[in-house]
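1. Would you be able to build a 3D model of this:
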Amino acid sequence: MRGKRSKQYRKLMEQFSMTFGFREPYQILVDAEMVKDANRFTMDLAAGLQRTVHGKVKPLITQCEIRKLYADIDQPGGSAAIELAKTFERRRCGHHPDEYPKPLETMECMRSVVDPKSTGENKHRYVVASQNLDVRRMLRGIRGVPLIYIKRSVMILEPMADESVQIREREERRKFRAELKNALGKRKREEKEERDESEGDDDGSESDGENAERNKAAPAPASEKKAKKNRGVKGVNPLSMKKKKKPQQLPAKEAGKKLEAAPDAPAKRKRRRKAKSENGTTSNVSGAVAASGAGEES
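-> Modelled structure (predicted):
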């Protein structure tokens, strides 16, 4: 069995178990055609059913179906099919040979076993393994009936029928609403308990005046929260401000030397440039400029 199909079958049987209450070992009703095809494909029918439903199984066969196998004993593989059917548990369908000389059709026999009161429910939680397409179509109208058949030597578990899907969705909605209701009820109970406790505390404080006065006079415990003080508008964080640069200071020795040398040092001599006049005599340019400046001031 392929892994993907195996996971689908496991999930499907879990849905049947949660919605309709299927439990191991699963009771599987087998018809005569299923036994014949399993024998023809040389398939271990019980092991195949167990792999398909992913759990322990209890194969069952009705009296009408075993009678059909005995009627075809002369056919090729008839005796082997009978020996295989004998290993299954006999399910009494109530169709005795005295009343019914000829075995009932598979559809009628299966309907009388799965839904004896025609209520549309699989009361005894049977899983039906049938090769008859009409039988499977009829059983799809009954809620909660898993259907199995063999196709090309591969055992197939049909998806859940529409009737069963509707029941499953309705059950899921009911469970969801019940969980919500329980959660809301629990919350209401908790709120009511808290309200009752608070009212009880208030009544006790009003009745016992002395305790109330003692509690007022007693200092408040340190664990109680203090009222927040209004500190006004916060200023700039001084740690985030840029620090002012200090003027660069020389070492003490160099600063002392400069202070000592400053008054004794002679004034810096200015270089005087001499220029030649037209008559060949030299004149002091700086002196002339100084003299002209003095004349203007006067």
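
2. tell me the contacts of Glu33?
-> Residues in contact with Glu33 (Cβ atoms under 8 Å, 6 or more residues apart in numbering) are 106, 130-132. For the C-beta atoms, the positions are set from N, CA and C on the backbone; glycine is no exception.

3. Same check on Asp162?
-> Contacts of Asp162 (Cβ under 8 Å, 6+ apart): Arg140.

4. Now find how far off-centre stretch 65-80 is within its chain.
-> For stretch 65-80, the separation from the chain centroid amounts to 54 Å (computed by Cα atoms, centre = their mean, to the nearest Å).

5. Could you list the buried residues of it?
-> Of all the residues in stretch 65-80, those buried under the rule 16 or more other Cβ atoms under 10 Å are 65-69, 78.

6. Take those and keep only those in helices.
-> Mapping the buried residues of stretch 65-80 onto helices (DSSP state H) picks out 65-69, 78.

7. sorry, back to before: can you tell me which of the buried residues of stretch 65-80 is closest to Asn230?
-> Comparing the buried residues of stretch 65-80 against Asn230 with Cβ to Cβ places Glu65 closest, at 93.0 Å.

8. Correct me if wrong: that closest one contacts Ala71.
-> No: using Cβ atoms under 8 Å, Glu65 is not in contact with Ala71, being 10.7 Å away.

9. residue contacts, the residue nearest to Lys58 when sequence neighbours are not counted?
-> Once flanking residues are discounted, Lys58 sits nearest to Pro25: 4.5 Å by Cβ to Cβ, 6 or more residues apart in numbering. Going by Cβ under 8 Å, 6+ apart, Pro25 touches 55-58.

10. which of these are buried?
-> Buried among the contacts of Pro25 (16+ other Cβ under 10 Å): 55, 57.

11. of all the contacts of Pro25, which comes closest to Leu49?
-> Nearest to Leu49 among the contacts of Pro25, with distances taken as Cβ to Cβ, is Val57, at 4.8 Å.

12. hang on, that closest one packs against Ala46?
-> Yes: between Val57 and Ala46 there is a contact under Cβ under 8 Å: 6.6 Å.

13. so where do the helices sit in the chain?
-> Going by DSSP H, the chain shows helices at 3-20, 32-40, 45-53, 63-71, 78-86, 106-114, 133-139, 162-207, 209-217, 252-264, 285-297.

14. I'd like the mean pLDDT over the longest one, please.
-> Looking back up the chat, that one is helix 162-207. Averaging pLDDT along helix 162-207 yields 69.

15. what does the first one give?
-> Averaged across helix 3-20, pLDDT comes to 91.

16. Now tell me what touches it from outside.
-> Contacts of helix 3-20 (Cβ under 8 Å, 6+ apart): 1, 22-23, 26, 51-55, 122, 125, 143-144, 146, 157, 159-160, 164, 167-168, 171.

17. Tell me where the model's unsure across this structure.
-> Within the chain, the ranges that satisfy pLDDT under 70 run 1, 176, 184-188, 198-229, 247-269, 274-298.

18. Which of the contacts of Pro25 sits closest to Asn237?
-> Among the contacts of Pro25, and counting by Cβ to Cβ, the member closest to Asn237 is Gly55, at 72.0 Å.

19. how about that closest one, phi and psi?
-> The phi/psi pair for Gly55 (degrees, to the nearest 10) reads phi 180, psi 170.

20. hang on, it packs against Gln27?
-> No: contact criterion Cβ under 8 Å: Gly55 and Gln27 do not qualify, at 11.4 Å.

21. Quickly note the distance from Val114 to Arg143.
-> Distance of Val114 to Arg143, given as Cβ to Cβ, to the nearest Å: 11 Å.

22. and if you look at Asp162?
-> Distance from Asp162 to Arg143, by Cβ to Cβ: 10 Å.

23. about what we covered before: shared neighbours of Glu65 and Ala71, anything?
-> With Cβ under 8 Å, 6+ apart as the test, Glu65 and Ala71 both reach Pro103.

24. Closest to Leu239 out of the contacts of Pro25?
-> Nearest to Leu239 among the contacts of Pro25, with distances taken as Cβ to Cβ, is Gly55, at 72.7 Å.
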